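Visitor: what's the 3D shape of this:
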Amino acid sequence: MADHISVIRRFTIDFLGKGDLAAADDTLDPSVKGITGLKPTGPIEGREEYKAIVAAFVDAFPAEGPLAIIDQFAAGDRVVTRFHSRQRHTKEFFGLAATNRVILFDEMHVARLRNGLIVENIVSATNLEFEMLMAPILTPLILK
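Guide: Coordinates of the predicted model:
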């Protein structure tokens, strides 16, 4: 379990928090599936797509400070992580011009690992400000 937690800490702090693509290579299975609002049209399919999506997000919403893990625990092949990060919207994202707002992201991820790599990551979040900011653009993609 401790090894699973260290994999997820690297994934969360370095890849999600900083956009470190080497951390994605070190922690994600090539065929990983990700369920997240950052791809509202369906699951992320594979490490390369995950890297492209997170890189675009971190480019548009760079961190204002270090990501903070609030809670984390492991059971079997799964690790649950809750974290907070503050990101500033500095560039266009999904067609929405930069607002320069600092937004709190309060997320919970449930990751499943196999052979020391993440094969599935399901995101649940209370990112109300981000969701309201993006609603005019994302609503038509989700509620076709």
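Visitor: buried residues in the helix or strand where Glu129 lies?
Guide: In the assignment (DSSP states H and E), Glu129 maps to helix 128-142. Of all the residues in helix 128-142, those buried under the rule 16 or more other Cβ atoms under 10 Å are Phe130, Leu133, Met134, Leu138. In this view, the C-beta of every residue, glycine as well, is placed from N, C-alpha and C.
Visitor: with stretch 102-119 instead?
Guide: By neighbour count on 16+ other Cβ under 10 Å, the buried set for stretch 102-119 is Ile103, Phe105, Glu107, His109, Ala111, Arg112, Leu113, Leu117, Ile118, Val119.
Visitor: what does stretch 22-35 give?
Guide: In stretch 22-35, counting by 16+ other Cβ under 10 Å, buried: Ala23, Ala24, Thr27, Leu28, Asp29, Val32, Lys33, Gly34.
Visitor: just the residues contacting it, thanks.
Guide: Outside of stretch 22-35, the residues within contact range by Cβ atoms under 8 Å, 6 or more residues apart in numbering are 7-8, 10-11, 14-15, 43-47, 50-51, 53-54, 114-115, 117-123.
Visitor: distance from the chain centre to that stretch, please.
Guide: Distance of stretch 22-35 from the chain centroid (Cα atoms, centre = their mean, to the nearest Å) equals 11 Å.
Visitor: pLDDT (mean, whole number) over it?
Guide: Averaging pLDDT along stretch 22-35 gives 98.
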